[in-house]
Structure formats: structure tokens, C-alpha cells
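Participant: got a structure for you, letters missing:
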């Protein structure tokens, strides 16, 4: 018996943006990747690979996998990447202890903040998900105030 595959959905704001502007998600993601200069940022953070697929391509695939919220790396590598990068390469990259992910995140955040200053904007919303969160043993630790509902 063949069971239906559970399909995860993109965030509502993302879906609306893609539908209204007529953009394809992979083209949008690729142009953002180039505009940010991720290859340079990864190099500055010390991301290197001796052989095989270039490290910037592997991190690009991992970022795409996270953004699409696919349940399995193996499934994503087979269907999404169509054999260009294997699941073992993705797992090995995620498990490498010599890659400084914090420095990479810091450089991306710094670049985003500099972009905000240049544009004159004062806020940058990373996650606008509204979800009720509660803490059982320590009230207030894992909760947040929702300004929409008060």
C-alpha cells in the first residue's frame, strides 16, 4: 500500500510573496545568495573542503534544505538535488567540527545590519511566527508577548 506523503508548507508570507510577484523560489534564493556574497563570507569564516563538491555549493544545498523544511536529507538529495550532491556529503558537512558556523552566522547578521543602516530602516524581523509558548517548571522563561493579540 502506498501512503500519501506529508507535504510541509512554506510560511504564509513567503507563499504570498512568491504568488504575487510571480517569482520562482530557487531563482530568488540563488540571487540572494549571490547578492549577499555567501561564497566570500564562507571563505572568511574558514569553510574549506579538500576535494569533491565545493563547500559553498554544499552549504547552499543545506540552506535550501532547511528553508524548504524537508523532513529527510536523503529524500531532499535524491529528489531536490537529483544526484548532484549526495546525502553523505551533506551529513558529513553538518557533522564537521572544524567549520565555524557561529562565525558564519555572525558575518551574515553583520551584513544584514549594515544593509539596514544604509537603507535607513530601524527594524529587521527575522521570524514573525505567532505561536503560544509556555514553560511548566519556570513560568515566563519560554514565553513571549504577542503584540497582535495583546
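Facilitator: Nice, I can see it. Nothing here was measured: the structure is a model prediction, and the numbers come from that model. Residues are numbered from 1 along each chain as shown.
Participant: which is the next helix or strand following the helix or strand that contains residue 27?
Facilitator: If you go by DSSP states H and E, residue 27 is part of helix 25-36. For helix 25-36, the succeeding helix or strand toward the C-terminus, using DSSP H and E, is helix 38-44.
Participant: Same question for the helix or strand that that next one is followed by: list its buried residues.
Facilitator: Of the helices and strands lying after helix 38-44 in sequence (DSSP H and E), the nearest is helix 55-68. The neighbour-count check on helix 55-68 (16 or more other CB atoms under 10 Å) flags 55-62, 64-65 as buried. All C-beta spots, glycine's among them, are computed from the backbone N, C-alpha and C.
Participant: got the angle for helix 55-68 vs helix 25-36?
Facilitator: Counting by axes from the mean of the first three to the mean of the last three CA atoms, to 10 degrees, helix 55-68 lies at 130 degrees to helix 25-36.
Participant: what does helix 55-68 rub up against?
Facilitator: Residues from elsewhere that reach helix 55-68 (CB atoms under 8 Å, 6 or more residues apart in numbering): 8, 10, 26, 29, 33, 38-39, 42, 47-49, 73, 76-77, 80-81, 85, 89-90, 93-94.
Participant: Among these, name the buried ones.
Facilitator: 33, 38-39, 42, 47, 49, 73, 76-77, 80-81, 85, 89-90, 93.
Participant: Closest to residue 110 out of the residues you listed?
Facilitator: Minimum distance to residue 110 across the buried ones among the contacts of helix 55-68 is 13.4 Å, recorded for residue 38 (CB to CB).
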